[in-house]
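S.K.: Predicted model follows, preceded by the sequence.
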Amino acid sequence: MDLSKLGEFGLIDIISGRFQAPEGVTGIGDDCAIMPQASGRDTLVSTDMLVEGTHFLMDDISAFRLGWKSAAVNISDIAAMGGKPTATFLSLGLPKGLSAEWMEEFIDGYKAISDRFGCPLLGGDTTSSRDKLCISVTVLGEAPSGHTHRRCDAQVGDLICVTGTLGDSGGGLQVILQGKERGAAEEALIKRHYEPMPRVEEGLALSEAHAMMDISDGIGSDLRHILKASGVGAVVDLRLLPLSAELRDACARHGWDAYEIATGGGEDYELLFTIGPEKEKSLEVPHTVIGRITKEKGLRWEGSSKDYDGYKHF
Ligand code: ADP
Ligand code: MG
């Protein structure tokens, strides 16, 4: 059978079916693996790859932004567990034709965000690639033992919340792909797409959250991971989704469905979390309540009859 028929998650099931995580270790299925240490702290590990043509277009993204984004999307997976990033490793498959100046700019972008979070680059690997640029980053992080937020930690009655605004990155991608003219709103959306800001401080401060993850594929898809892992369902009110003025503006101008972009656009790298209603009241981290966790399985949208699904890689 062709792999595309299986889908990304069917493919991961083939891999995860062969391996059982050791006792006490969280393996495949969450934003990071969680490995308890004798020191009483948990080590967090995650890895993410960016491939030219699939994740970025060389003639649109600057080297600085590509370096930034490569580190940022990885650091975001540590934020997603409520951890602190401690180090990264960078592996590059380089096609012919890149210049030394391009490489310097790429590493400047990578370093800018690494410095922002005090997360040094400690190693990697470099090889040539026949055709496309491939960037693979591994990130390490840490958290006090038992303080991580897994996808399986949602409880019936929890409120569903997000940090920041949704769909900006997806809107930026549409501007790029559709070759739209770039006014101030469009440039702002593109910046969100190319220079995502991992919510590390927010993740650390959300100690009372239950389930948590970062939004990489859009809540339509990402929330379903929390629901499946926790064995629960959800109701989300589309009218509550936090949309930026820039996204509303661009959607009005280009005739786009803002809900579709906000639920399915992906790559916002905001945090999606669930929390008990009492605890939510006293949260200091800026956030928006968008729905609640239900005993009845499945994801139901209020505020529209349309089904909003999320991004599919395959
Ligand atoms: P994220 O979007 O948070 O980076 P993914 O959706 O990429 O997470 O991956 C889901 C889970 O599957 C993660 O726990 C990840 O480690 C695991 N995974 C993905 N691809 C592979 C692979 N090739 N081998 C082993 N585990 C994988
Ligand atoms: Mg993630």
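M.R.: Happy to help now that I have it. Please read all numbers here as calculations on a predicted model, not as lab measurements. Residues are numbered from 1 along each chain as shown. Ligands and ions are numbered 1, 2, ... in the order given.

S.K.: and whichever residue of the stretch 101-250 of the chain sits closest to ligand 1, how many residues sit next to it?
M.R.: Shortest the stretch 101-250 of the chain-to-ligand 1 distance, computed as CB to the nearest ligand atom: residue-wise this is Ser216, at 4.1 Å. For the C-beta atoms, the positions are set from N, CA and C on the backbone; glycine is no exception. With neighbours defined by other CB atoms under 10 Å, the count for Ser216 comes to 23.

S.K.: Which residues does the strand or helix carrying Ala234 contact?
M.R.: Secondary structure from DSSP states H and E places Ala234 in strand 233-237. Outside of strand 233-237, the residues within contact range by CB atoms under 8 Å, 6 or more residues apart in numbering are 160, 219, 223, 226-227, 290-303.

S.K.: If we use 7 Å, what do you get?
M.R.: 160, 223, 227, 290-303 (CB atoms under 7 Å, 6 or more residues apart in numbering).

S.K.: continuing past that strand, what's the next helix or strand?
M.R.: Downstream of strand 233-237 (by DSSP H and E), the next one is helix 245-254.

S.K.: quick one: average pLDDT of that next one?
M.R.: What helix 245-254 shows for mean pLDDT is 97.

S.K.: Kindly report the same for stretch 120-131.
M.R.: Mean predicted confidence for stretch 120-131 is 97.

S.K.: again, but for stretch 65-85
M.R.: 98.

S.K.: Same question for stretch 167-179.
M.R.: Per-residue scores along stretch 167-179 average to 96.

S.K.: can you list contacts of it?
M.R.: Under CB under 7 Å, 6+ apart, the answer for stretch 167-179 is 60, 182, 186, 189-190, 192-193, 196, 218, 243-244, 246-247, 250, 256, 258, 261-262, 265-268.

S.K.: how does it look with 6 Å?
M.R.: Counting by CB atoms under 6 Å, 6 or more residues apart in numbering, stretch 167-179 makes contact with 60, 186, 189-190, 192-193, 244, 247, 250, 261-262, 265-268, all of which sit outside it.

S.K.: what pLDDT does the residue in the stretch 151-300 of the chain positioned nearest to ligand 2 get?
M.R.: Closest residue of the stretch 151-300 of the chain to ligand 2, CB to the ion: Asp214 (4.4 Å). Per-residue pLDDT puts Asp214 at 98.

S.K.: Equivalent analysis for Met1, please.
M.R.: 81.

S.K.: Which helix or which strand is home to Glu186?
M.R.: Using DSSP H and E, Glu186 falls in helix 184-194.

S.K.: correction: Thr86
M.R.: Using DSSP H and E, Thr86 falls in strand 84-94.

S.K.: just Gly170 next, same as before
M.R.: helix 168-177.
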